Every structure is written in C-alpha cells, then in structure tokens.
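# Take a look and give me a structure for this.
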Amino acid sequence: MNSVFFDHATIDAWIAEDAPLLDLTTHLLAIGNVPARMDFTVRGDTVAACTEEAARVVQHCGGQVQQFLPSGTPAAPGAVLLSATGNAASLLRGWKVAQNLLEYACGVASATARMVQAVQTAAPGVVVLTTRKHAPGLRRTALKATLSGGAFPHRLSVGETVLVFPQHRALLGDWDTLQVRLAAVAPALAEKKCVIEAHSLEEALQAAQAGADVVQFDKASPAQLHQWCPVLRHRHPRLALLAAGGVNGQNAADYAATGVDALVTSSLHHAPPADIGVQVVPA
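Numbering: from 1, shown residues only. From the prediction side, this is the model:
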C-alpha cells in the first residue's frame, strides 16, 4: 500500500534524527564492513504497515532490501516483515529507525483491524474513521497505519471539510446566526458536506435545522444514541450520523449497533506497539 506519500526528505530526516554522524559502537568494534543480513520478525499476530517506508529507510542507509510484506497484509507469529542485506554499517544505521517505525505502525494497524472487525460484526456497513488527533509529525505514519488496518480518515486537515464545533458557534452567538451564515455560503459548499457537532438530541435537531448534512455526536453514550438515532432518522432521513469521543476497542461494537453511520476515534493512534524482533547475522 503506497497511497500515502512520504518524500525522500522525510525518510532522511528520520535517519538523521537517530544517526546524524556515525554509529560509534559499530565504528569502535570495526564491524562496519562485515557482510550481513537483517530480518524483522513479528512475535504475535500482526497487520503489516509502513513496511514500504521501513524498506526505504534501509535503502537510504545503503542496504539492499530482499523482500517485505506489503502494508495491510496479515502476518502470523514468526513471519518476516522485512529482510535486507548489505554491509553491517549500512544495516545497523537503519536498524532502530526501521524497527521503531514498524512497531508503531504495525501496532496501530493491528488494533485498527480488530476494531473494524468488531464493528462489522455488530453492524455491517458502519465504518471506522480516524481523526487527526495525534502527536505533531505523525500524520502520514498514523494515516497509513490506520488505512492498512481497514479504517478511513475522518478529516486530514482543517481545509478539507466544514466541521462546526461549539467553539465556532460561540463566536457566532446562536443557532439562528449559524443557519443564516451557512445559507449564505451554500454555493461554496456545493461539493462538500457540512458537519456540525452536537452533544444532545436537542442540539442535533438544531444542527439539522441550521443546515447540517452530518451530525457528529461528541461523547454521547451508546444508550443515548440508541434513543436519539431513530428520532433523527424519522425527522431527517437524509441526515448522516457519527459517534465520536470515547470510542475505543472495548466499546466500538456497542456504538456501532446504535444506528449511526460511522464511528470517529482517536484511540487507535495510541495502540500498544507491535512486538517485532530484529536479527542481524553475517551473510
């Protein structure tokens, strides 16, 4: 899966952060010229993610990639995610950068795949959407990892969609002003949908009246959504409904069964890392 773009500068910056000048251990042990092989092996059930970028790390360091599992591929315990050969200095320079990338990305992808499966079992057709709420600098990696696990992006940047939060409404003053403003700019939204966040059924109905195409419920419980969704479906059949805030691997199935169209979650970005071992041996 190469749909997410990583430029050469990004790959080189990762390497420079960990090995900007020299690998002192390799230099002092005088093993840099030893021909070697390096294998990255999973120790548990895993979904591969960012293996293409890990391969590029090794290549940028001077190694030769022999094979890797494409992102999105399920991997059983013992499977080799990535294998490379080259002189020891090249392989060891890229070792930890590639391993850290794979452990984070594969951990996120694996947790995503589990959540997607749970949601599909509970309510086929409901999708998992991941947010942009992660540490700065992680967007490409987090996006590729969640895509590899079967989720879709909710919103990649503030310029991508119209999403009205209470913070925006507070600056407008009231729902009527919001409705007037949205009506005035309706031609500019011809190719986009307007999403409005709500915290109650009353706010959701006000959002629909104001012109929302989608209502995103924030931190509503599954029990509340079970009650609210049928009311909204009856009054506004074309309104799409999202559940956001507090959605995680333990409760995703419960949220999926409430009648919403999609779940919005940030929890997957904080999944435990995958357990990946690295073996380096003379070639």
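
# Look up phi and psi at Leu239.
The phi/psi pair for Leu239 (degrees, to the nearest 10) reads phi -80, psi 130.

# Next, count neighbours for the nearest residue to Thr258 once chain neighbours are set aside.
The spatially closest residue to Thr258, leaving aside those adjacent along the chain, is Leu225, at 3.7 Å (C-beta to C-beta, 6 or more residues apart in numbering). No exception for glycine: its C-beta is placed from N, CA and C like everyone else's. Other residues near Leu225 number 21, with proximity taken as other C-beta atoms under 10 Å.

# Would you mark the buried spots in the helix or strand Ile11 falls within?
Ile11 belongs to helix 8-18 when elements are defined using DSSP states H and E. Across helix 8-18, burial judged by 16 or more other C-beta atoms under 10 Å covers 11, 14-15.

# Restricting to C-alpha, output it in PDB.
These are the backbone C-alpha positions of helix 8-18, laid out as PDB (Å, rounded to 0.1, in the frame of the first residue of the first chain):
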ATOM      1  CA  HIS A   8      12.800  11.400   0.500                       C
ATOM      2  CA  ALA A   9      13.400  14.300   2.900                       C
ATOM      3  CA  THR A  10      11.100  12.700   5.500                       C
ATOM      4  CA  ILE A  11      12.900   9.400   5.300                       C
ATOM      5  CA  ASP A  12      16.200  11.100   5.500                       C
ATOM      6  CA  ALA A  13      15.100  13.200   8.500                       C
ATOM      7  CA  TRP A  14      14.100  10.000  10.400                       C
ATOM      8  CA  ILE A  15      17.500   8.600   9.800                       C
ATOM      9  CA  ALA A  16      19.300  11.800  10.700                       C
ATOM     10  CA  GLU A  17      17.400  12.100  14.000                       C
ATOM     11  CA  ASP A  18      18.900   8.700  15.100                       C
END
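
# Not counting that helix itself, show me its contacts.
Outside of helix 8-18, the residues within contact range by C-beta atoms under 8 Å, 6 or more residues apart in numbering are 53, 56-57, 60-61, 93-94, 96-97, 101, 140.
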